[in-house]
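Q: Take a look and give me a structure for this.
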Amino acid sequence: MLADGHLIVAEGIAALMRAAGWTVELVPDGETLLRRCHEKRYDVAILDISMPVVDGLAAMASAQTDHIRIPFIFLSTDIDAALVRTALARGALGVISKALGAEELMKALDAIGSNRRYLPSMPPAASQPGLIEALTEREHEVIRRLAEGKRNKEVAHDLGISIRTVESHRHKAMQKCGVPTLMSLIRRMQAEALI
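A: Okay, the predicted model is just below:
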């Protein structure tokens, strides 16, 4: 599923994907994307982060609320490290700059197909090393839930893992960040717009 309010852009991306063997359905906005996702299962949703009616981040949030399980990749004209962190923190598996071309899109689709996050290539001035590169998806999810005030036992229940595994993820995340306490880690993740 490809959602972009700019038809010429959407058609160009769809043509590239079809040439690579993908079946692509185009929609003009996030609202239509959500409606179609309720009707049919898609392997991936690629959508412009800023669209008419329902923007990309809002569409992903609605899909998550409705328990629609689909990887989201965002397209954006203006991309920076803060945008990438925000999108990934909210559950996206990738962010692609429209300025970077077809090769970048194919790399992102390959990553998503292998169940990996895709971090975009950005100019050196825009890229900032941070926790997004360091933390695993599960570590991030555990810390996000702990930051919401949940106890280890609640997080373990929510994620279907043991309390010991929750503690292990928390400990590894703190080590990667180089902080002594969970509160320090939460503050750092908030500063990087990860939670």
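
Q: okay, now the domains of this structure?
A: Annotated domains of the chain cover 2-122, 132-191 [automatic domain parsing].

Q: so how far is the lengthiest helix in the chain from its chain's centroid?
A: The residue-count maximum for a helix in the chain (DSSP state H) belongs to helix 163-177. Distance of helix 163-177 from its chain centroid, counting by Cα atoms, centre = their mean, to the nearest Å, is 21 Å.

Q: Ok, stretch 153-164 next?
A: Going by Cα atoms, centre = their mean, the spacing between the C-alpha centre of stretch 153-164 and its chain's C-alpha centre is 23 Å.

Q: measure that stretch end to end?
A: One end of stretch 153-164 to the other measures 9 Å (Cα to Cα, to the nearest Å).

Q: Identify the residues contacting A3.
A: 10, 26-30, 32-33, 45-48, 51, 56, 59 (Cβ atoms under 8 Å, 6 or more residues apart in numbering). Bear in mind the C-beta positions are built from the backbone N, C-alpha and C, glycine included.

Q: A173: which of those is nearest?
A: G56 (27.2 Å; Cβ to Cβ).

Q: Apart from its neighbours in sequence, what residue is nearest the closest one?
A: Nearest non-adjacent residue to G56, counting by Cβ to Cβ, 6 or more residues apart in numbering: I49, 4.1 Å away.

Q: Next SSE downstream of the helix or strand containing E11?
A: In the assignment (DSSP states H and E), E11 maps to helix 7-19. Downstream of helix 7-19, the next assigned helix or strand under DSSP H and E is strand 26-27.
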